[in-house]
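Trainee: structure, please.
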Amino acid sequence: MQQGVEQRFSAIDDSKNYLMATFLDPRFKMNFFTDQLQKERARQYVLLEGLVSDYNTGSNESSRSSPVQSKCKSTDKPGQSIHTSFWECYDEVVADNFTDDHSGTASTSKNTTAGDLDKYLSMKTLKRTDNPFAWWATHKSKFFECIVTLAAKYLSARASSVYLREAF
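Mentor: Next comes the predicted model:
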(Lines give C-alpha, C1' and ligand atoms only; values in the text may rest on other atoms or scores of the structure.)
Protein backbone atom coordinates (compact mmCIF):
# COMPACT_ATOMS: atom_id res chain seq x y z
CA MET A 1 0.00 0.00 0.00
CA GLN A 2 2.81 2.40 0.86
CA GLN A 3 4.44 1.69 -2.49
CA GLY A 4 1.17 2.54 -4.28
CA VAL A 5 0.85 5.84 -2.42
CA GLU A 6 4.48 6.74 -3.14
CA GLN A 7 4.05 5.87 -6.81
CA ARG A 8 0.88 7.93 -7.26
CA PHE A 9 2.06 10.96 -5.29
CA SER A 10 5.75 11.04 -6.21
CA ALA A 11 5.37 14.05 -8.52
CA ILE A 12 2.83 15.99 -6.45
CA ASP A 13 5.45 18.56 -5.46
CA ASP A 14 5.71 19.62 -9.10
CA SER A 15 1.96 19.94 -9.70
CA LYS A 16 0.83 23.49 -10.48
CA ASN A 17 -2.55 22.88 -8.83
CA TYR A 18 -0.91 21.59 -5.66
CA LEU A 19 1.52 24.50 -5.47
CA MET A 20 -1.17 27.13 -6.04
CA ALA A 21 -3.72 25.54 -3.70
CA THR A 22 -1.14 25.24 -0.91
CA PHE A 23 0.10 28.79 -1.46
CA LEU A 24 -3.42 30.28 -1.46
CA ASP A 25 -4.59 28.33 1.60
CA PRO A 26 -4.08 30.68 4.57
CA ARG A 27 -3.49 27.64 6.82
CA PHE A 28 -0.41 26.61 4.85
CA LYS A 29 0.92 29.46 2.68
CA MET A 30 4.62 28.68 2.12
CA ASN A 31 5.20 26.76 5.33
CA PHE A 32 5.04 23.26 3.86
CA PHE A 33 7.06 23.57 0.68
CA THR A 34 10.19 21.44 0.80
CA ASP A 35 12.59 23.90 -0.84
CA GLN A 36 12.97 27.50 -1.94
CA LEU A 37 12.40 26.61 -5.59
CA GLN A 38 8.88 25.35 -4.82
CA LYS A 39 8.12 28.50 -2.85
CA GLU A 40 9.21 30.74 -5.69
CA ARG A 41 7.47 28.62 -8.31
CA ALA A 42 4.18 28.76 -6.37
CA ARG A 43 4.45 32.54 -6.02
CA GLN A 44 5.21 32.94 -9.73
CA TYR A 45 2.27 30.71 -10.72
CA VAL A 46 -0.12 32.79 -8.62
CA LEU A 47 1.32 36.05 -9.95
CA LEU A 48 1.08 34.84 -13.55
CA GLU A 49 -2.48 33.53 -13.14
CA GLY A 50 -3.45 36.82 -11.52
CA LEU A 51 -2.03 38.83 -14.40
CA VAL A 52 -3.71 36.61 -16.99
CA SER A 53 -7.01 36.83 -15.14
CA ASP A 54 -6.71 40.60 -14.85
CA TYR A 55 -5.84 40.91 -18.54
CA ASN A 56 -8.78 38.74 -19.59
CA THR A 57 -11.16 40.69 -17.37
CA GLY A 58 -9.89 44.00 -18.72
CA SER A 59 -10.16 42.95 -22.34
CA ASN A 60 -13.68 41.58 -21.87
CA GLU A 61 -15.01 44.69 -20.12
CA SER A 62 -14.80 46.94 -23.12
CA SER A 63 -14.22 46.76 -26.83
CA ARG A 64 -11.10 48.91 -26.82
CA SER A 65 -8.81 48.84 -29.79
CA SER A 66 -5.80 46.56 -29.54
CA PRO A 67 -2.41 48.05 -28.56
CA VAL A 68 -1.20 47.56 -32.12
CA GLN A 69 -4.13 49.52 -33.50
CA SER A 70 -3.73 52.31 -30.97
CA LYS A 71 -0.01 52.60 -31.74
CA CYS A 72 -0.79 52.72 -35.45
CA LYS A 73 -3.28 55.49 -34.85
CA SER A 74 -0.79 57.46 -32.78
CA THR A 75 1.79 57.30 -35.58
CA ASP A 76 -0.61 59.08 -37.93
CA LYS A 77 -0.02 62.40 -36.17
CA PRO A 78 0.52 65.32 -38.52
CA GLY A 79 4.12 66.34 -38.90
CA GLN A 80 5.56 63.05 -37.68
CA SER A 81 8.43 61.98 -39.91
CA ILE A 82 9.18 58.56 -41.24
CA HIS A 83 12.30 57.03 -39.72
CA THR A 84 15.36 57.15 -41.91
CA SER A 85 17.30 54.53 -39.97
CA PHE A 86 16.70 51.44 -37.93
CA TRP A 87 18.13 53.09 -34.82
CA GLU A 88 15.70 56.02 -34.96
CA CYS A 89 12.85 53.53 -35.05
CA TYR A 90 14.49 51.58 -32.22
CA ASP A 91 14.81 54.72 -30.08
CA GLU A 92 11.12 55.52 -30.56
CA VAL A 93 10.00 52.00 -29.70
CA VAL A 94 12.18 51.92 -26.58
CA ALA A 95 10.88 55.34 -25.52
CA ASP A 96 7.26 54.19 -26.04
CA ASN A 97 7.82 50.97 -24.13
CA PHE A 98 9.64 52.78 -21.33
CA THR A 99 6.64 55.07 -20.95
CA ASP A 100 4.21 52.14 -21.16
CA ASP A 101 6.16 50.12 -18.58
CA HIS A 102 6.02 52.87 -16.01
CA SER A 103 2.47 54.03 -16.52
CA GLY A 104 0.70 51.12 -18.21
CA THR A 105 -1.98 48.95 -16.70
CA ALA A 106 0.02 45.73 -17.02
CA SER A 107 2.81 47.16 -14.89
CA THR A 108 0.29 48.53 -12.40
CA SER A 109 -1.51 45.18 -12.23
CA LYS A 110 1.76 43.35 -11.70
CA ASN A 111 2.80 45.69 -8.91
CA THR A 112 -0.63 45.53 -7.28
CA THR A 113 -0.79 41.75 -7.49
CA ALA A 114 2.77 41.31 -6.22
CA GLY A 115 2.08 43.75 -3.39
CA ASP A 116 -1.05 41.85 -2.44
CA LEU A 117 0.86 38.57 -2.43
CA ASP A 118 3.46 40.09 -0.12
CA LYS A 119 0.71 41.44 2.14
CA TYR A 120 -1.00 38.02 2.16
CA LEU A 121 2.24 36.24 3.07
CA SER A 122 2.98 38.71 5.87
CA MET A 123 -0.37 38.05 7.54
CA LYS A 124 -0.62 35.51 10.33
CA THR A 125 -1.07 31.88 9.25
CA LEU A 126 -4.50 30.50 10.02
CA LYS A 127 -4.99 27.72 12.57
CA ARG A 128 -5.37 24.23 11.15
CA THR A 129 -9.00 23.97 12.26
CA ASP A 130 -10.11 27.33 10.84
CA ASN A 131 -12.04 27.65 7.59
CA PRO A 132 -9.95 29.12 4.73
CA PHE A 133 -13.09 30.10 2.77
CA ALA A 134 -14.35 32.14 5.72
CA TRP A 135 -10.92 33.76 6.02
CA TRP A 136 -10.94 34.80 2.35
CA ALA A 137 -14.53 36.07 2.67
CA THR A 138 -13.51 38.19 5.66
CA HIS A 139 -10.32 39.54 4.09
CA LYS A 140 -11.37 39.89 0.45
CA SER A 141 -11.70 43.68 0.69
CA LYS A 142 -7.99 43.92 1.57
CA PHE A 143 -6.81 42.21 -1.62
CA PHE A 144 -6.91 42.67 -5.36
CA GLU A 145 -9.95 40.88 -6.80
CA CYS A 146 -7.98 38.45 -8.96
CA ILE A 147 -6.22 36.90 -5.93
CA VAL A 148 -9.53 36.27 -4.18
CA THR A 149 -10.89 34.71 -7.37
CA LEU A 150 -7.82 32.46 -7.66
CA ALA A 151 -8.22 31.38 -4.04
CA ALA A 152 -11.83 30.38 -4.69
CA LYS A 153 -10.79 28.52 -7.84
CA TYR A 154 -7.83 26.60 -6.45
CA LEU A 155 -9.19 25.86 -2.97
CA SER A 156 -12.33 24.22 -4.32
CA ALA A 157 -12.63 20.47 -4.73
CA ARG A 158 -12.03 19.27 -8.27
CA ALA A 159 -14.76 17.14 -9.78
CA SER A 160 -13.66 13.97 -11.50
CA SER A 161 -15.34 11.22 -13.44
CA VAL A 162 -12.27 9.05 -13.83
CA TYR A 163 -12.57 5.50 -12.57
CA LEU A 164 -10.33 4.99 -9.55
CA ARG A 165 -9.25 1.51 -8.65
CA GLU A 166 -9.59 0.84 -4.97
CA ALA A 167 -6.15 0.66 -3.42
CA PHE A 168 -7.30 -0.46 0.00
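
Trainee: on the three-state scheme, T34 is what?
Mentor: Applying DSSP: H, G, I helix; E, B strand; the rest coil to T34 yields a three-state assignment of coil.

Trainee: got a pLDDT number for N31?
Mentor: Listed pLDDT for N31 reads 89.

Trainee: pretty sure it contacts T125?
Mentor: Yes: N31 is within contact range of T125, at 6.4 Å (criterion: C-beta atoms under 8 Å). (C-beta placed from N, C-alpha, C; glycine too.)

Trainee: the more surrounded of those two?
Mentor: The residue with more neighbours, out of N31 and T125, is T125; 14 against 9, by other C-beta atoms under 10 Å.

Trainee: tell me the spacing between the more buried one and S156.
Mentor: Plainly put, T125 is 21 Å away from S156 if you go by C-beta to C-beta, to the nearest Å.

Trainee: same check, this time on K140
Mentor: Separation of K140 from S156 (C-beta to C-beta): 15 Å.

Trainee: now whichever strand or helix holds R41: buried residues?
Mentor: Mapping R41 onto the secondary structure by DSSP states H and E places it in helix 36-61. Residues of helix 36-61 classed as buried by neighbour count (16 or more other C-beta atoms under 10 Å): 38-39, 41-43, 45-47, 49-51, 53-54.

Trainee: what residue ranges in the protein score low on pLDDT?
Mentor: 58-81, 83, 90, 94, 96-110, 160-168 (pLDDT under 70).

Trainee: so which residues of it form helices?
Mentor: For the chain, the helices defined by DSSP state H occupy 2-8, 16-24, 36-61, 67-74, 86-103, 105-122, 132-139, 145-154.

Trainee: who does the third one touch, helix- and strand-wise?
Mentor: Under the contact definition 3 or more C-beta pairs under 8 Å, 6 or more residues apart in numbering; DSSP states H and E, helix 36-61 sits against helix 16-24, helix 105-122, helix 145-154.
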